[in-house]
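Trainee: can't give you the sequence, but here's the structure:
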């Protein structure tokens with residue numbers, strides 16, 4: 001993948017939703033929830049503060065993160081689904 005996010009943007013590959021429950025029941029595609037966990041595949045250089053200083057991102061490539069259910073913009077690159085979102089939309093590093 002050849003994509004470089006700008007400023008404080010992060011590219012995330014969502015983790016696939018489970019196809020069956022812990023009890024063994026298979027879920028159809030319409031019943032699956034949107035994933036809220038993913039892996040960071042690219043990180044921008046950071047945000048520039050009002051004073052002109054560069055604020056480096058806290059996440060790095062390869063981190064597993066949790067994000068809001070409807071955060072980011074969905075994009076398809078080379079047949080793969082990705083999310084592009086601001087670093088501030090990331091809730092936690094797992």
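Mentor: Good, I have the coordinates. Just so it is clear, the model here is predicted, and its values are computed rather than measured.
Trainee: can you confirm residue 22 is in a helix?
Mentor: No: Residue 22: not assigned to a helix; according to DSSP: H, G, I helix; E, B strand; the rest coil it is coil.
Trainee: which strands border the helix or strand hosting residue 84, and is each parallel or antiparallel?
Mentor: Under the criterion of DSSP states H and E, residue 84 resides in strand 80-86. Strand pairing for strand 80-86, determined by DSSP bridges: strand 9-14 (antiparallel), strand 73-77 (antiparallel).
Trainee: could you pull out the strands for this structure?
Mentor: Secondary structure of the chain by DSSP state E: the strands cover 9-14, 37-43, 47-48, 54-55, 64-67, 73-77, 80-86, 90-93.
Trainee: pick the most buried one from the ones you listed.
Mentor: Among those, strand 9-14 has the highest mean neighbour count (mean count of other Cβ atoms under 10 Å), at a mean of 22. Bear in mind the C-beta positions are built from the backbone N, C-alpha and C, glycine included.
Trainee: hmm, back to that, ok, which of the strands of the chain comes nearest residue 2?
Mentor: strand 73-77 (8.5 Å; Cβ to Cβ).
Trainee: report the angle between that closest one and strand 37-43.
Mentor: Orientation check (axes from the mean of the first three to the mean of the last three Cα atoms, to 10 degrees): strand 73-77 against strand 37-43 gives 70 degrees.
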